[in-house]
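Engineer: one predicted model, sequence on top.
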Amino acid sequence: MTRFTRALTASALALTMVLAPTGVAHAQSSFGMSSAATQNSTEQRLRAAAEGAMSRSGHRINESAARQARTILKRALSGDFIYFNGQATYFAPDFSGGAVIYRIPNSDVERVISELETGSADFSFSAPKGFAAGSDDTHHYLVEYTLL
């Protein structure tokens with residue numbers, strides 16, 4: 001579990017460097033949903049930009065992790081998480097993986113995409129990752145799921 005916690009922390013810190021300016025302390029849930037099956041182009045671009053940043057850093061994108069990310073995204077869109085500075089975390093009950101959920105105000109999403117498209121996450125722990133993105137009326141959500 002210690003290795004996993006370090007890995008998830010490193011991953012969260014790497015993307016936080018890009019996403020940090022979007023965070024506003026929230027201790028509430030978001031309501032309203034968009035269907036993950038009918039993703040708009042901004043959601044697709046956000047996911048692709050995050051995958052690209054991780055790939056450029058030598059991380060493997062994994063379909064199983066992406067499935068888990070989509071499951072967590074549904075929960076995020078349903079308001080199941082509490083966010084602090086625009087982020088929430090999730091740990092699988094069996095510690096086989098975990099997620100960082102980023103909640104990005106709609107007004108900041110284009111800047112975040114641009115920064116992800118030109119940046120990379122620079123840390124040493126490499127693990128299979130998957131991403132999912134979605135949105136509601138006020139925020140875009142990016143889920144980064146890491147498998148162990």
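Structural biologist: Looks like it came in fine.
Engineer: okay, now residue 68: neighbour count?
Structural biologist: Neighbours of residue 68 under the rule other C-beta atoms under 10 Å: 23. Yep, even glycine has a C-beta here, placed from its N, CA and C like the rest.
Engineer: thought it was touching residue 148?
Structural biologist: No: if you go by C-beta atoms under 8 Å, residue 68 and residue 148 don't touch, sitting 11.6 Å apart.
Engineer: shared neighbours, those two?
Structural biologist: Common neighbours of residue 68 and residue 148 (criterion: C-beta atoms under 8 Å, 6 or more residues apart in numbering): residue 97.
Engineer: which stretches in the chain count as strands?
Structural biologist: Using DSSP state E, the strands assigned to the chain run over residues 87-91, 97-105, 129-135, 139-147.
Engineer: of all these, which one comes closest to residue 51?
Structural biologist: Closest to residue 51 of those is strand 129-135 (C-beta to C-beta; 5.4 Å).
Engineer: just checking, what packs against that closest one?
Structural biologist: Other elements packing on strand 129-135 under the criterion 3 or more C-beta pairs under 8 Å, 6 or more residues apart in numbering; DSSP states H and E are helix 41-56, helix 63-77, strand 139-147.
Engineer: keeping just the C-alphas, turn that strand into PDB.
Structural biologist: Only the C-alpha atoms of strand 129-135 are listed here, as PDB (Å, rounded to 0.1, in the frame of the first residue of the first chain):
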ATOM      1  CA  LYS A 129      -3.000   4.400 -16.200                       C
ATOM      2  CA  GLY A 130      -6.400   5.200 -17.700                       C
ATOM      3  CA  PHE A 131      -8.300   8.400 -18.100                       C
ATOM      4  CA  ALA A 132     -11.900   9.400 -18.500                       C
ATOM      5  CA  ALA A 133     -13.400  12.900 -19.000                       C
ATOM      6  CA  GLY A 134     -16.900  14.300 -18.700                       C
ATOM      7  CA  SER A 135     -18.800  17.400 -17.800                       C
END
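Engineer: outside of it, which residues touch it?
Structural biologist: 11, 34, 36, 39-40, 42-44, 46-47, 50-51, 54, 59-70, 72-73, 76-77, 106, 140-147.
Engineer: next, format the strands of the chain as a markdown table and append mean neighbour count.
Structural biologist: Shown next, in a markdown table, are the strands of the chain (neighbours: other C-beta atoms under 10 Å):
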| stretch | mean neighbour count |
| --- | --- |
| strand 87-91 | 18 |
| strand 97-105 | 23 |
| strand 129-135 | 26 |
| strand 139-147 | 25 |
